[in-house]
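Student: The sequence and its predicted three-dimensional model are supplied below.
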Amino acid sequence: MSDEDLEDELGIKPGAPIDSSKAVYIIDHMLGEGGFGAVFLVHDEKNKDVQFALKVEKKLDTRRHSKLKMEIAILKAVKEFKGKSGKDNDRFMRHFTDIVDRGKKEKYFFLVMQLVGKSLADLKAARTDKIFSIGTGLGVAHQCLEAVEGLHGAGYIHRDLKPANYAIGPQKLTHTVYILDFGIARMFKKVNENGELELKTPRQVVGFKGTVRFASLACHRNLEMGPKDDCESWFYLLLDLVVLNGLPWRKESDKKVVAKLKEDSRHKKEVLYNKLKCADELAATIKYLDGLLYADTVDYEFLYNQLKEAAKKSGVDMDAQYDWEEGDKKSTMKSAM
Ligand SMILES: Nc1ncnc2c1ncn2[C@@H]1O[C@H](COP(=O)(O)OP(=O)(O)OP(=O)(O)O)[C@@H](O)[C@H]1O
């Protein structure tokens, strides 16, 4: 939606109040725009230092499923899953934004959520050579995978994993990565009569979903996607973060051409990993993922372990400060002198 549409049709503009039964939110400015609405920085009317992100979706008679409803259902499911499953779940759930409030107006639905900072795509674009250092890339990919594991645990697949759909936290949370945008996510498990989650039967043919650059081969082949397909997209995301000159198909938009380049890349290590010291560990990762089927449970531990081995081979510490935190380190050191 354009700024004018939002302003003229929905009355959403800087300074405008949006009220719910809980609070009144004042619009500051737009943070980002999607196909069906936009995200705004807002503050609590009672305290301008209390800021949130407010996502708006225009009501449409033609839309069968509200994207925002889906997002809310997913964020709730992951938090409930956290409650139910106990053990060490904060490791996964810290990657999901909290729902602060939600509501509907005559012309739109809205969701108020915890504010995040810059996306991985923005952070990467701000770097001189447009990639992260290998330590940051592997560390961030570890967190991205934890988010995916948490989402899968709650019974959903994302289907659009890419650097633009992950962001770091604001202020002091620059070492935490958040997963965003569940607009095209899908439940791959359903609750059976005994209240347990069971796998949904795959459909025979499925339309292409997501972003061409990061789509899995099964997605290109119009097959039902499962958890392993998110992991394949995660793998492309990892390469996109750390390989100099990026993915070999980055300049192509034709789906068929991209699919062919992805298939061929499996046999072209020198192109896909462009001299990375951890090429073998990465090649073993995609080999493992290529061997999985829709219904297979992903061995996340194997994937985390590959990242650890890749870090060892590269001689880096995945848990060290990230590239964008280094400025802070220097200024802290300076002020400590
Ligand atoms: N919690 C948040 N805090 C700060 N910014 C956010 C937050 N959520 C989303 N954004 C910003 O708004 C942009 C659009 O968000 P998002 O991708 O979730 O919206 P969308 O309308 O579903 O988009 P799309 O049509 O691409 O699926 C993001 O790129 C991000 O920059």
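Tutor: Done, it's in. Residues are numbered from 1 along each chain as shown.

Student: Going by C-alpha atoms from here, please, whenever you check contacts or count neighbours.
Tutor: Will do.

Student: and the residue in the stretch 1-150 of the chain positioned nearest to the ligand, how many residues sit next to it?
Tutor: Among all residues of the stretch 1-150 of the chain, residue 34 sits closest to the ligand, at 3.2 Å; criterion: Cα to the nearest ligand atom. Residue 34: 14 surrounding residues under other Cα atoms under 10 Å.

Student: Give me the pLDDT value at it.
Tutor: pLDDT for residue 34: 74.

Student: quick one: contacts for the residue of the stretch 151-300 of the chain found nearest the ligand?
Tutor: Relative to the ligand, the nearest point of the stretch 151-300 of the chain is residue 181 (3.7 Å; Cα to the nearest ligand atom). Residue 181 sits next to 71, 165 when contact means Cα atoms under 8 Å, 6 or more residues apart in numbering.

Student: For the residue lying closest to residue 248 once chain neighbours are set aside, give me the pLDDT.
Tutor: Nearest non-adjacent residue to residue 248, counting by Cα to Cα, 6 or more residues apart in numbering: residue 272, 6.6 Å away. Residue 272 is assigned 95 on the pLDDT scale.

Student: contacts for stretch 182-202?
Tutor: 67-68, 70-71, 74, 155-160, 209-210, 224, 226, 294-295.

Student: can you give me the offset of it from its chain's centre?
Tutor: A distance of 20 Å separates the C-alpha centroid of stretch 182-202 from that of its chain, computed with Cα atoms, centre = their mean, to the nearest Å.

Student: now swap in stretch 317-330 and tell me
Tutor: Computed by Cα atoms, centre = their mean, the chain-centroid distance of stretch 317-330 equals 21 Å.

Student: cool, stretch 60-77 as well?
Tutor: Using Cα atoms, centre = their mean, the mean C-alpha position of stretch 60-77 is found 17 Å from that of the whole chain.

Student: Okay, buried residues for that stretch please.
Tutor: Within stretch 60-77, the residues that qualify as buried are 67-72, 74-75, 77, counting by 16 or more other Cα atoms under 10 Å.

Student: That one close to the ligand?
Tutor: No: interface with the ligand: stretch 60-77 contributes nothing (Cα under 6 Å from any ligand atom), its closest point being 7.2 Å away.

Student: and that stretch, C-alpha only, in CSV?
Tutor: Extracted in CSV, the C-alpha atoms of stretch 60-77 (Å, rounded to 0.1, in the frame of the first residue of the first chain):
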residue,chain,number,x,y,z
LEU,A,60,-10.4,-7.0,2.0
ASP,A,61,-13.5,-8.9,1.0
THR,A,62,-11.5,-10.8,-1.6
ARG,A,63,-8.9,-12.2,0.8
ARG,A,64,-9.7,-15.7,2.2
HIS,A,65,-7.0,-15.6,4.9
SER,A,66,-5.9,-12.6,6.8
LYS,A,67,-2.1,-12.6,6.9
LEU,A,68,-2.1,-10.8,10.2
LYS,A,69,-4.4,-13.4,11.8
MET,A,70,-2.0,-16.0,10.7
GLU,A,71,0.9,-14.1,12.3
ILE,A,72,-0.9,-13.7,15.6
ALA,A,73,-1.9,-17.4,15.6
ILE,A,74,1.8,-18.4,15.0
LEU,A,75,3.2,-16.1,17.6
LYS,A,76,0.7,-17.4,20.1
ALA,A,77,1.4,-21.0,19.2
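
Student: Sounds good, over and out.
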